[in-house]
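Engineer: sequence-free structure coming up:
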C-alpha cells in the first residue's frame, strides 16, 4: 500500500504478482485437494454440529504457508515482507477462497494492512513479528449488534497509568482460536483507540461461536480489564485510520468470495459435462447451460470490480471506499447466486453431505455477511451516489 | 494548429482527438436523432450524420489503424483511443455502424487486394452506407438455414431470396449478403457477397414496422439480382466462416474501424440520467430518490456500469483473465441486458408518467424510458439472440456440450 500514487496500469498486477499468485495456486492445488479438505473439515457432521467442536484445521500446512511468507505479503520489504500490490494480495486471497483454505491468512493480511497504514514504532514491531512468522493476528472491531461501521467499537478503554484498560466484548472475531494476537478497537471518550492485545493477555477470554462454516472459527472475545501498555497502543486517534483501511478489509473478503465462487462454477461445469440424463450430459440442456453462463458473468463482474478497488486502494484514492463497496456488493451477490445454482444443478448429490459443495456454500454464506452483504453496501453507496434520503417534501 | 499527424504517440493522439472533438463538435441536428444509428430514417438526419462521419474520418478518428492504401493511416492501437474520446465527448454517433463495426473488419480479413482498395475507403468515410443481409424469415437464430439462393451464370451470380431486419437498408449502397450456393451442405454450401443495393435491378427495399410503431429497419427482396463474381468475398462455400468473422466483430469480440456506437450510450451517463429521473419524480409528498427500493435498484445498475468499465480494462490484462475469450464473448450479452434493465428501471421510477408516449408534453424525459425499453429488445435479439450468446459462452468458454 504505497501512498498517493496514481492508479497503476493493469491494476498494479505485474510480473511479481503473477508469479506469486501462480505459486500460491500451485501450492494449494497440491497440498489441499478438495478430497483432503473434505476429509479434514467435513469427515462427519457430528463433531461440529452436534458436539460443538471447532472444525479441525491443518496447522502443519499453515506452518508451511507462514514459512513461504504469505503472511508478509502486505508488509514492506525492509520489515521482512513481500510488499506486493493490493491486486496481487486480492488475487492470492482468491486462491485461498478457491481452496477454501482453513487458516488465519485473511485476518492476518487485514491486520498487516492496517498496521502498515498506521505507521509508528508499535505497528512496525508487530509487522516484523508477523513477517518473521512469529505472530498472526485478527481484528476485534465489531460489537454485539454486528454493526460494520468502524465507529461502533466493541470495547471501552480507560486510562490506566501510561497505558489503557480494555473492557467489553468483541463479537464476530474471525479465526480467533488460530491467531496469536488481536487488533482491538475501543472507545476512549470521544476518541477511538486501536491496540495490540495478545490472545494470552490476562483478563481476555475466548468464547467459541457455533457457526455453519467449517473452514474457519469465530469467537466472541471478552475483555475484563485487560491492561494494554503504551508499547501496544497503535493509535489513540484511530477513526481516520480505520476508515481509511476499511476498504481493504472488504476486498479481501470479496476476493475470497470470488475464488470460492469460481470453484463452485468450475465444479458444477465439470459435473454438467459428466452427468448423463435423457441420453445427454446435462450441460447439453440450456436450462443447465444458461445459468452456468450467468454465474460466470456475475463472477467476472465481481473480479473486475475487485482489481479496480485494489488499484484504487494502492493509489490512496478517495474513490477507494466506493470501489471496494461495489466489489463487495458484486462479489456477495455473485456468490449467493453461484452457490445456489451449484447445489441446484448438481441435483440430489448436491444436497448431500457427501459432496463438497456444502463446504463452499457455507464459506460463501459466511463471507457474504462479513463487512456487510450486497444490500448493506448498496445502502451506503446510495448515500454517496444519489445523496442522503432527504426529508419528505419535493 | 491541432491537426492529425501519423507520427503521434498514443498520448499525443488522445490529446489531439479530445481537442479536435471539443473544437469541432457539430451543431444540434436539424431533427432530433433516434436513440441508435440503425434507426435513422430521414434524409435530413442521414445527411447531417454522413457529414459528421466524413469530418471525423478526415480528422483521423475513423479507420486510423487501417492501412494507408485502404483509406486509413496505418497506425496501431489508436482506434481504441479515438473510440474512447468519441464516446466521452458526447458527440453524435457515426451513421455507418454496420460498415465500421462489421463490414470493414470482414473485408480486411477475407477480401482480396482489389476489394480492399475498392470498398474500404468509402466505408470508413461514410460515403457508402452498408447494411447486412444475414437474417431471413426462416433463418434467425438458426442462421445456417439460409434459403436465399445464388446461382452461377457466366461471370455473374443470380440471386433470389428474402432478407429481413435489415437496418439502414433504405440508405445502403451495399449489403454484406449471405447466400446459399449449394443444397448439398448446410454450412459449406454458403457463399458471401458484397451486393449493390441502391438502384440495383431486382432489389426491393421495404420498411418494416417495429413494436414501437416506428420504422427502423427493412426487408429486402431479391428477384433475379445479378452480382458479378468479383463481388464474392472469399471462396465459394466459405460463407459461413466469413459470416462468423462478421458476427464476432458485431458482438464486440474484435475492434471495429470506428466507434459507431453500440446503440447503448455511455453506461455512466445512463446511470446519471436514472438518478436525475429519481430526483425529479414526485411520489406523493416525497421523491422517488428517497425510496429505499428505488435507491437499491439504481445503485445496483451503477455497480453494473462500473463493472462494464472495469471488465473492459481487465480484458487487456491477460494474467487476470482465465480464458482469452471469456470477457470478450460476454460483451454483447452483458451490454444489451444492462441497457434493457436500465430502461425498465426508468419506466419503474417514472411510474404513472411512464404511460405517456413522446407526443405527450408531460412525458418525462420526452418519453425516453418506455420507448427505450421497447426498443432495447432490438439489441437483445439482434446479432444472435442473447440465448444464442449464452450457448456460445457455455460451449466455447466453459466447454459444455453443444446444444442443438
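Structural biologist: Structure received. Keep in mind that this is a model prediction, so the values were computed, not measured. Numbering: from 1, shown residues only, chains lettered A, B, ... in the order given.

Engineer: For the stretch 201-350 of chain B, which segments count as helices?
Structural biologist: B:239-250, B:267-280, B:292-314, B:331-350 (DSSP state H, counting those that start in this stretch).

Engineer: make that the stretch 51-200 of chain B, sorry
Structural biologist: With DSSP H, counting those that start in this stretch as the definition, the stretch 51-200 of chain B shows helices at residue ranges B:79-89, B:97-98, B:104-110, B:113-125.

Engineer: domain assignment for the chain?
Structural biologist: Using chain A. Each structural domain of chain A that the record assigns through automatic domain parsing is listed here as a residue range: A:9-135, A:140-238, A:240-385.

Engineer: should've been chain B
Structural biologist: For chain B, automatic domain parsing gives the domain ranges B:10-128, B:131-243, B:267-397.

Engineer: among those domains, which is nearest residue A:188?
Structural biologist: With C-beta to C-beta as the criterion, residue A:188 lies closest to domain B:267-397 of those, at 34.7 Å. Every residue, glycine included, has its C-beta placed from N, CA and C.

Engineer: got the end-to-end distance for that closest one?
Structural biologist: Across domain B:267-397, the terminal residues are separated by 26 Å (C-alpha to C-alpha, to the nearest Å).

Engineer: Could you report the neighbour count for residue A:26?
Structural biologist: The criterion is other C-beta atoms under 10 Å in any protein chain shown. On that basis, residue A:26 has 11 neighbouring residues.

Engineer: picking up where we left off before, possible to save the helices of the stretch 51-200 of chain B as JSON lines with mean neighbour count?
Structural biologist: Shown next, in JSON lines, are the helices of the stretch 51-200 of chain B (neighbours: other C-beta atoms under 10 Å in any protein chain shown):
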{"stretch": "helix B:79-89", "mean neighbour count": "19"}
{"stretch": "helix B:97-98", "mean neighbour count": "28"}
{"stretch": "helix B:104-110", "mean neighbour count": "22"}
{"stretch": "helix B:113-125", "mean neighbour count": "19"}
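
Engineer: For chain A, which of those is the nearest?
Structural biologist: Shortest separation from chain A across the helices of the stretch 51-200 of chain B is recorded for helix B:79-89, at 14.8 Å, computed as C-beta to the nearest C-beta.

Engineer: what about the helix ranked longest in chain A, near chain B?
Structural biologist: In chain A, with assignment by DSSP state H, the single longest helix is helix A:239-274. Yes: counting by C-beta under 8 Å from any C-beta of the partner chain, chain B is contacted by helix A:239-274 at A:262, A:269, A:272-273.

Engineer: From these, pick the one nearest residue A:291.
Structural biologist: residue A:272 (10.1 Å).

Engineer: out of everything not next to it in sequence, what's closest to the closest one?
Structural biologist: In space, residue A:272 comes closest to residue A:283 once its chain neighbours are excluded; the distance is 3.3 Å by C-beta to C-beta, 6 or more residues apart in numbering or on different chains.

Engineer: if I look at that neighbour, how far off is residue A:292?
Structural biologist: Shown here: residue A:283 relative to residue A:292, a distance of 7 Å by C-beta to C-beta, to the nearest Å.

Engineer: Residues that sit against both of those two, list them.
Structural biologist: Any residue near both residue A:283 and residue A:292 by C-beta atoms under 8 Å, 6 or more residues apart in numbering or on different chains counts here, and that gives A:269, A:272, B:394, B:398, B:400.

Engineer: Next one, pLDDT for the most centrally placed residue in chain A please.
Structural biologist: Most central residue of chain A, judged by C-alpha distance to the mean C-alpha position with C-alpha atoms, centre = their mean, is residue A:253 at 3.4 Å. Looking at residue A:253, its pLDDT is 98.

Engineer: residues contacting it?
Structural biologist: A:106, A:328, A:331, A:367, A:370-371.

Engineer: And the residue lying farthest from the centre of chain B, its phi and psi?
Structural biologist: Here chain B has its C-alpha centre computed as a mean, and the residue farthest from that point, by C-alpha atoms, centre = their mean, is residue B:285 with 42.8 Å. As for residue B:285, its main-chain torsions (degrees, to the nearest 10) stand at phi -80, psi -10.

Engineer: mind listing what the closest residue to residue B:115 other than its chain neighbours touches?
Structural biologist: The spatially closest residue to residue B:115, leaving aside those adjacent along the chain, is residue B:107, at 6.1 Å (C-beta to C-beta, 6+ apart). If a contact means C-beta under 8 Å, 6+ apart, then residue B:107 has B:115-116, B:119-120, B:123, B:194, B:233 as its contacts.

Engineer: any idea how far the helix or strand in which residue A:158 is found is from the chain center?
Structural biologist: Element membership of residue A:158 [criterion: DSSP states H and E] is strand A:155-160. On the basis of C-alpha atoms, centre = their mean, to the nearest Å, strand A:155-160 sits 28 Å off its chain's mean C-alpha point.

Engineer: now for the helix or strand just after it, which elements pack on it?
Structural biologist: Read in the C-terminal direction, the helix or strand following strand A:155-160 is strand A:163-174, with elements assigned using DSSP H and E. Strand A:163-174 makes packing contacts with strand A:137-140, strand A:155-160, strand A:181-188, strand A:191-198, strand A:218-228 when contacts are defined by 3 or more C-beta pairs under 8 Å, 6 or more residues apart in numbering or on different chains; DSSP states H and E.

Engineer: Residue ranges in chain B under the pLDDT threshold?
Structural biologist: Low-confidence regions of chain B, defined by pLDDT under 70, span residues B:252-265.

Engineer: hmm, try it at 50
Structural biologist: Across chain B, the ranges flagged by pLDDT under 50 are B:253-256, B:259-263.

Engineer: thinking again about what came up before, so which of the residues of helix A:239-274 next to chain B comes closest to chain B?
Structural biologist: Within the residues of helix A:239-274 next to chain B, proximity to chain B (C-beta to the nearest C-beta) peaks at residue A:269, which comes in at 4.9 Å.

Engineer: which residues does the residue lying closest to the closest one once chain neighbours are set aside contact?
Structural biologist: Closest residue in space to residue A:269, ignoring its immediate chain neighbours: residue B:398 at 4.9 Å, by C-beta to C-beta, 6+ apart. For residue B:398, the set of contacting residues under the criterion of C-beta under 8 Å, 6+ apart consists of A:269, A:283, A:289, A:292-293, A:296.

Engineer: could I get these as a markdown table with pLDDT, secondary structure and neighbour count?
Structural biologist: Compiled in a markdown table, the contacts of residue B:398 are given as follows (pLDDT from 0 to 100; DSSP: H, G, I helix; E, B strand; the rest coil; neighbours: other C-beta atoms under 10 Å in any protein chain shown):
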| residue | pLDDT | secondary structure | neighbour count |
| --- | --- | --- | --- |
| A:269 | 98 | helix | 23 |
| A:283 | 98 | helix | 26 |
| A:289 | 98 | helix | 26 |
| A:292 | 98 | helix | 24 |
| A:293 | 98 | helix | 26 |
| A:296 | 98 | helix | 27 |
